[in-house]
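# Got a sequence here, can you build the structure:
(one chain, ligands or ions: 1)
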Amino acid sequence: MNVLEELKKFREMDIPYSRVLSSMCTVSHEIAIKAHQLFINTNLGDPGIFPGTVELEKRLIEMIGELLHCKTPFGYICSGGTEANIQGIRSARNIKTKNKPNIVIPKTAHFSFEKICDILRIEVRRADVDESYKVEVGEVESLIDENTVAIVGIAGTTELGQIDPIVELSKLAEEKDIPLHIDAAFGGLVIPFMDKPYPFDFINKGVTSITIDPHKMGMATIPAGGIVFRDEKFLKSLEVETPYLTSRMQFTLTGTRPGTGVASAYAVLRALGFSGMREIVKQCLKNTKILVEEMSQLGFEPVIKPVMNVVAFRSENAEDLKSELYRRRWVISTIRNPKAMRFVIMPHVTEEVIKYFISELKEVMK
Ligand code: 0PR
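Sure, this is the predicted structure:
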């Protein structure tokens, strides 16, 4: 058998995105795929060989900076939100230099922070959230001490798409002179394109770094995460010497690093422009509303009124429903507290997909 035929067989075992209602990734935009192909052999780990790709990354970071209200952004495109969060916290730890460092994160933070604390040997302190699942700023304050090297706020929580009170967190961070890292891995390419965007970004003086992933709502090819710092000193604090490369220093976590994420993310933002992105986000929010209406007719109530295109519906037998749906090749996810079915309404989750899904859910519930 031809090897490509063999590969196709394996690929056909995967579930197509049109049946995936749980993912923060989506079908890459067609311009992203073309851009990816053009840059397929690039390696930003050795920048002297790829000055064109380096320049493209610089321009992309500037575009992202403009979106995030930062005139002189410092950052790079990495493997995803996990790496971006690692680098955000690692830089804060390097700058604050404490013997027994700790960070204060919301209880709703993504599991990447567990990896971070393990890798960096940092104590993690989890602050409670209020009834709308936003972190309690008072709790955050009470968990801070002289060894706190960073505070984390989330703009678009993984489970519910909620936004923490970042304006207040920023005031606290400024007052205490502690770096504030914002995990906007998902929300970073949603919130700026909403009708009344919540000020989650560098517009707040206390915000020092932001995670923002083009391979989620940016429709770039995987992998494409993003980390942006307000101040160059954070990036500098991550540098190691690279004696035999075309560059002298390297601040990235990985060595060999694809230029495909840079090219595909840049292509989408340039081709669509901020106005095109606004249209995409508008459509996702409209489809989220459609799902909420359909689900409410089946008796399901959202845990919180959706803030963005992530929504969870209370259900005592969410796990059973998920399993039964999976048997029919539909993928949803669940959350445990409260028990709920969770959906991410990405660009591939169209009105048609939602209607088809609802008809199958009705069957499953019989
Ligand atoms: N921060 C937040 C707020 C996230 O939601 C995620 C991932 C990350 C950081 C980490 O990003 P990377 O996975 O790029 O390192 N959120 C999704 C999740 O855990 C990732 C995902 C994507 C999961 C596609 C499943 C899937 O099919 O739910």
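# could you give the mean pLDDT of stretch 124-133?
Averaging pLDDT along stretch 124-133 gives 98.
# What residues sit buried inside that stretch?
The neighbour-count check on stretch 124-133 (16 or more other Cβ atoms under 10 Å) flags Val124, Arg125, Arg126, Ala127, Val129, Tyr133 as buried. Heads up, the C-betas are built off the backbone N, CA and C, glycines and all.
# and what of stretch 203-220?
Residues 204, 206-220 are the ones in stretch 203-220 that count as buried (16+ other Cβ under 10 Å).
# Just the pLDDT at the closest residue to Ile191 other than its chain neighbours, thanks.
Closest residue in space to Ile191, ignoring its immediate chain neighbours: Pro197 at 5.0 Å, by Cβ to Cβ, 6 or more residues apart in numbering. For Pro197, the pLDDT comes out at 96.
# Which of the helices or strands spans Pro197?
Pro197 is located outside every helix and strand, with elements delineated by DSSP states H and E.
# repeat for Ala150
strand 148-154.
# State the mean pLDDT of that strand.
The predicted model gives strand 148-154 an average pLDDT of 98.
# what's the distance between it and the middle of its chain?
For strand 148-154, the gap between its own C-alpha mean and the chain's C-alpha mean amounts to 16 Å (Cα atoms, centre = their mean, to the nearest Å).
# now stretch 155-174
Using Cα atoms, centre = their mean, the mean C-alpha position of stretch 155-174 is found 14 Å from that of the whole chain.
# what about that stretch and the ligand, any contact?
Yes: residues of stretch 155-174 contacting the ligand under Cβ under 6 Å from any ligand atom: Thr158.
# Could I have the CA atoms of that stretch written out in PDB?
Presented in PDB, the C-alpha positions along stretch 155-174 are these (Å, rounded to 0.1, in the frame of the first residue of the first chain):
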ATOM      1  CA  ALA A 155      -9.400  36.700  30.400                       C
ATOM      2  CA  GLY A 156     -11.600  33.800  29.200                       C
ATOM      3  CA  THR A 157     -11.500  30.900  31.600                       C
ATOM      4  CA  THR A 158     -11.200  27.500  30.100                       C
ATOM      5  CA  GLU A 159     -14.300  26.100  31.600                       C
ATOM      6  CA  LEU A 160     -16.800  29.000  31.500                       C
ATOM      7  CA  GLY A 161     -15.200  31.700  29.400                       C
ATOM      8  CA  GLN A 162     -15.400  34.100  32.400                       C
ATOM      9  CA  ILE A 163     -13.200  37.200  32.700                       C
ATOM     10  CA  ASP A 164     -11.600  38.000  36.100                       C
ATOM     11  CA  PRO A 165     -11.800  41.600  37.500                       C
ATOM     12  CA  ILE A 166      -8.500  42.500  35.900                       C
ATOM     13  CA  VAL A 167      -8.900  46.300  36.400                       C
ATOM     14  CA  GLU A 168      -8.900  45.700  40.200                       C
ATOM     15  CA  LEU A 169      -6.200  43.000  40.000                       C
ATOM     16  CA  SER A 170      -4.000  45.500  38.100                       C
ATOM     17  CA  LYS A 171      -4.500  48.200  40.900                       C
ATOM     18  CA  LEU A 172      -3.500  45.600  43.500                       C
ATOM     19  CA  ALA A 173      -0.500  44.500  41.500                       C
ATOM     20  CA  GLU A 174       0.700  48.100  41.100                       C
END
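# Can you mark which positions in that stretch are buried?
Here stretch 155-174 shows 155-173 as buried, counting by 16+ other Cβ under 10 Å.
# Which ones among those lie within helices?
Ile166, Val167, Glu168, Leu169, Ser170, Lys171, Leu172, Ala173 (DSSP state H).
# Turn those into CSV, columns for pLDDT.
Formatted as CSV, those follow (pLDDT from 0 to 100):
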residue, pLDDT
Ile166, 98
Val167, 98
Glu168, 98
Leu169, 98
Ser170, 98
Lys171, 98
Leu172, 98
Ala173, 98
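# which stretches of the chain form helices?
Using DSSP H, helices in the chain cover 3-13, 30-38, 51-67, 81-96, 112-120, 137-143, 166-176, 232-236, 260-297, 318-327, 351-365.
# How about the residues of this protein by the ligand?
23-25, 80-82, 85, 110, 112, 154, 158, 183, 185-186, 213, 225.
# Most neighbours among the residues you listed, please name it.
Asp213 (33 neighbours; other Cβ atoms under 10 Å).
# Touching, that one and Gly225? I think so.
Yes: between Asp213 and Gly225 a contact is recorded at 4.6 Å, counting by Cβ atoms under 8 Å.
# Please enumerate the shared neighbours of the two.
Overlap of the contact sets of Asp213 and Gly225 (by Cβ atoms under 8 Å, 6 or more residues apart in numbering) consists of Gly80, Gly81, Ala84, Ala185.
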